[in-house]
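In: got a sequence here, can you build the structure:
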Amino acid sequence: MTEDFIATDEPAQGLQRLVARFGGHAYDPHRHETYAVGHTLSGAQAFRYRGSDRVSIQDECMVLHPDEVHDGHAGAPEGFTYRMLYIEPWLICRALGRDRLLPFVPGVVERDAELAALIDEAFADFPNAMEPLQVDALLSGVAEHLARRSDDVKPQRAAPLALDKVAAARSFLVEEFDRPIVSGDLERVTGLDRFELARAFRRLVGTSPHRYLLGRRLAAARARMAAGEGLAEAAAASGFADQSHMTRHFRARYGITPGRFAALAGAIRD
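Out: Prediction:
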């Protein structure tokens with residue numbers, strides 16, 4: 001039987017690719033602040049999402065929305081293998097036009113040849129970095145596809161001022177993620193009070209500023225662990241108080257412990 005593994009690339013431009021294989025239990029209930037757009041390559045991937053049990057079999061695609069709790073396990077004796085794109089919501093907004101809010105796709109699992117082709121093309125040279133123009137084409141294609149499958153009859157628009165303020169807050173969190181950040185920092189950067197910013201941020205980014213910050217820290221820690229760095233060292237370098245602090249958030253974000261992730265990443269690296 002094929003060994004379980006996880007392989008990821010370095011997060012870049014708000015996009016990360018993952019390919020993994022599991023023979024049984026994969027992920028505990030968790031949520032992340034990105035869109036998760038995936039293609040099941042073999043077997044059957046079962047998960048609970050938005051209060052219902054779902055199964056994605058070979059050649060089917062999945063669209064999971066930001067901040068939605070889900071888990072994962074094999075739905076067939078042979079397990080499952082899949083590819084996943086994790087895309088920050090602000091990129092989807094930008095690709096659709098600066099004033100578009102996030103599209104919601106009600107069809108969680110579908111046989112979607114066009115979306116599968118977009119995902120598979122993104123993995124053509126995995127784990128080598130994608131070229132910038134390739135990333136732009138991918139994001140444009142995925143965003144337009146999600147918009148077509150969205151349940152929005154008339155897409156909602158956001159105020160230009162809110163877009164600029166949220167963009168400033170997001171950039172600040174990306175640049176300063178490895179140090180303590182308080183609400184006053186974001187108020188100074190944006191000129192909005194913390195509650196106005198929280199409302200606008202969720203509408204455009206799909207999550208809160210705090211969860212977005214945690215996501216940046218966890219992505220950095222995961223990249224370090226995938227490269228073979230120790231858990232305590234990765235936690236300290238990524239802005240966490242200590243390893244246990246990172247572990248709590250890592251499990252809530254990815255559905256597995258840092259130790260198990262490091263072992264699975266080591267299986268493919270070796």
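
In: the helix-or-strand element of the chain with minimal mean pLDDT packs against which elements?
Out: Least confident helix or strand of the chain, by mean pLDDT, DSSP states H and E, is helix 258-269 with a mean of 84. Here helix 258-269 touches strand 5-8, helix 209-226, helix 231-237, helix 243-254, going by 3 or more C-beta pairs under 8 Å, 6 or more residues apart in numbering; DSSP states H and E. C-beta here means a position set from N, CA and C on the backbone, and glycine is covered the same way.

In: counting neighbours, what do you get for residue 124?
Out: Applying other C-beta atoms under 10 Å, we find 9 residues neighbouring residue 124.

In: if I look at it, how far off is residue 71?
Out: Applying C-beta to C-beta, to the nearest Å, the value for residue 124 to residue 71 is 30 Å.

In: residue ranges for the helices of the stretch 51-200 of the chain, please.
Out: Taking DSSP state H, counting those that start in this stretch as the test, the helices found in the stretch 51-200 of the chain are 89-96, 113-122, 132-149, 160-176, 183-190, 194-205.

In: contacts for the fourth one, please.
Out: Here helix 160-176 makes contact (C-beta atoms under 8 Å, 6 or more residues apart in numbering) with 90, 93, 98-99, 181, 185-186, 189-192, 197, 200-201, 203-205, 209, 212-213, 216.

In: where are the low-confidence patches of the stretch 101-250 of the chain?
Out: Applying pLDDT under 70 to the stretch 101-250 of the chain picks out residues 152-161.

In: try it again at 90.
Out: Within the stretch 101-250 of the chain, the stretches falling below the threshold (pLDDT under 90) are 101-103, 129, 131-133, 136-137, 140, 150-164, 183, 192-208, 241.

In: for residue 264, which non-adjacent residue is spatially closest?
Out: Excluding its sequence neighbours, the residue lying closest to residue 264 (C-beta to C-beta, 6 or more residues apart in numbering) is residue 6, at 4.2 Å.

In: contact partners for the nearest residue to residue 262 once chain neighbours are set aside?
Out: Using C-beta to C-beta, 6+ apart and skipping the chain neighbours, the partner closest in space to residue 262 is residue 225 (4.7 Å). By C-beta under 8 Å, 6+ apart, residue 225 lies in contact with 231, 234, 258, 261-262, 265.

In: quick check: residue 108 touching residue 54?
Out: Yes. If you go by C-beta atoms under 8 Å, residue 108 and residue 54 touch, sitting 5.5 Å apart.

In: quick check: neighbours shared by those two?
Out: Applying C-beta under 8 Å, 6+ apart, one finds that residue 108 and residue 54 are jointly contacted by residue 62.

In: pretty sure residue 50 contacts residue 108?
Out: Yes. If you go by C-beta under 8 Å, residue 50 and residue 108 touch, sitting 7.3 Å apart.

In: neighbour count for the two, which is higher?
Out: Between residue 50 and residue 108, counting by other C-beta under 10 Å, residue 108 is the more crowded of the two (18 against 12).

In: which ones are touching that one?
Out: The neighbours of residue 108, taking C-beta under 8 Å, 6+ apart as the test, are 49-50, 54, 62-64.

In: which of the contacts of helix 160-176 count as buried?
Out: 90, 93, 181, 185-186, 189-190, 192, 197, 200-201, 203-205, 209, 212-213, 216 (16 or more other C-beta atoms under 10 Å).

In: among the helices of the stretch 51-200 of the chain, which comes closest to residue 80?
Out: The closest of the helices of the stretch 51-200 of the chain to residue 80 is helix 113-122. By C-beta to C-beta, the value is 15.0 Å.

In: next one: the closest one to chain centre, how far?
Out: Helix 113-122 has its C-alpha centroid displaced from the chain centroid by 17 Å (C-alpha atoms, centre = their mean, to the nearest Å).

In: go on, stretch 191-199?
Out: Centroid displacement of stretch 191-199 relative to its chain, using C-alpha atoms, centre = their mean, is 24 Å.

In: and the contacts of it?
Out: 165-166, 169, 183, 186-187, 190, 200, 208-209.

In: switch to 10 Å and redo it
Out: Defining contact as C-beta atoms under 10 Å, 6 or more residues apart in numbering, one finds that stretch 191-199 is touched by 161-162, 164-166, 168-169, 182-184, 186-187, 189-190, 200-201, 208-210.

In: alright, that wraps it up for me.
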